[in-house]
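**Q** sequence plus the predicted model coming up.
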Amino acid sequence: MDVFEAIKERRSVRAYDDKPVEKEKLGKIFEAARLAPSACNFQEWRFVIVTEKPKREKLMEAANNQKFVAEAPVVIACCAETDEHIMRCGELCYPIDIAIVIDHITLAAVALGLGTCWIGSFYPEKIKKVLNIPESVKVVELLTLGYPADSPHPKNRKSLKEIVSFEEWG
């Protein structure tokens, strides 16, 4: 699958088959993550991969009881070990770098026949407790991963005219 097809096919999956994700596929996905760019090449991202059902159930509770979090065969805690470096543009590096690396993960997953969903509705301190993550580490996002159990719905996206301008705003 080429990158444009993966981008077109990527969607938020909230229903998963019970089939486990093969270690080989996880290896390919995290190789794609490892190769993501980061500000100043800091590579502040860190991941905790959770496959054990009891831990996924605890993560579900910490993620506002969203049932599909426990149903996904893999839940990834996307974290940052950071000194909170601020780029010249005034933005923190780590949230942007985590977003880039998660995008690499989601596109690699699609290319391997898997689905993902970004989870931003969770309590970081509860996640840290479940996964024994140090206080100094930021839990930025959760990501579910597995084989989709449902069919894709068409994406509703704005037209290019609504989002792109050339040479100046508007």
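**A** Received it, and whenever you're ready, just let me know what you need. Residues are numbered from 1 along each chain as shown.

**Q** all contacts plus neighbour counts: C-alpha atoms, from now on.
**A** Fine.

**Q** just the residues contacting the longest helix seen in the chain, thanks.
**A** Identified as the longest helix of the chain according to DSSP state H is helix 93-111. With Cα atoms under 8 Å, 6 or more residues apart in numbering as the test, helix 93-111 has contacts from 1-3, 6-7, 9-10, 28-30, 32-34, 36-39, 43-45, 78-80, 82, 84-87, 115-116, 140, 145.

**Q** what subset of these is buried?
**A** With neighbours counted using 16 or more other Cα atoms under 10 Å, those contain these buried positions: 6, 9-10, 29-30, 32-33, 36, 38, 43-45, 78-80, 82, 115-116, 140, 145.

**Q** re the thing from before, give the next helix or strand downstream of the longest helix of the chain.
**A** Sequence-wise, the next helix or strand downstream of helix 93-111 (DSSP states H and E) is strand 115-119.

**Q** so what touches that following strand?
**A** Under the contact criterion Cα under 8 Å, 6+ apart, strand 115-119 has outside partners 10-14, 63, 106, 109, 141-148.

**Q** Ala63 is in contact with Tyr123, isn't it?
**A** Yes. The criterion here is Cα atoms under 8 Å, and Ala63 meets it with Tyr123 at 6.4 Å.

**Q** tell me which of these two has more neighbours.
**A** For Ala63 and Tyr123, the more surrounded residue by other Cα atoms under 10 Å is Ala63, and the numbers stand at 21 against 14.

**Q** ok, the more buried one - contacts?
**A** Val69, Ile119, Ser121, Phe122, Tyr123.

**Q** nearest spatial neighbour of the first one, chain-adjacent residues omitted?
**A** Taking Cα to Cα, 6 or more residues apart in numbering, and ignoring the residues beside it in sequence, Val69 has Met60 as its nearest neighbour in space, at 5.1 Å.
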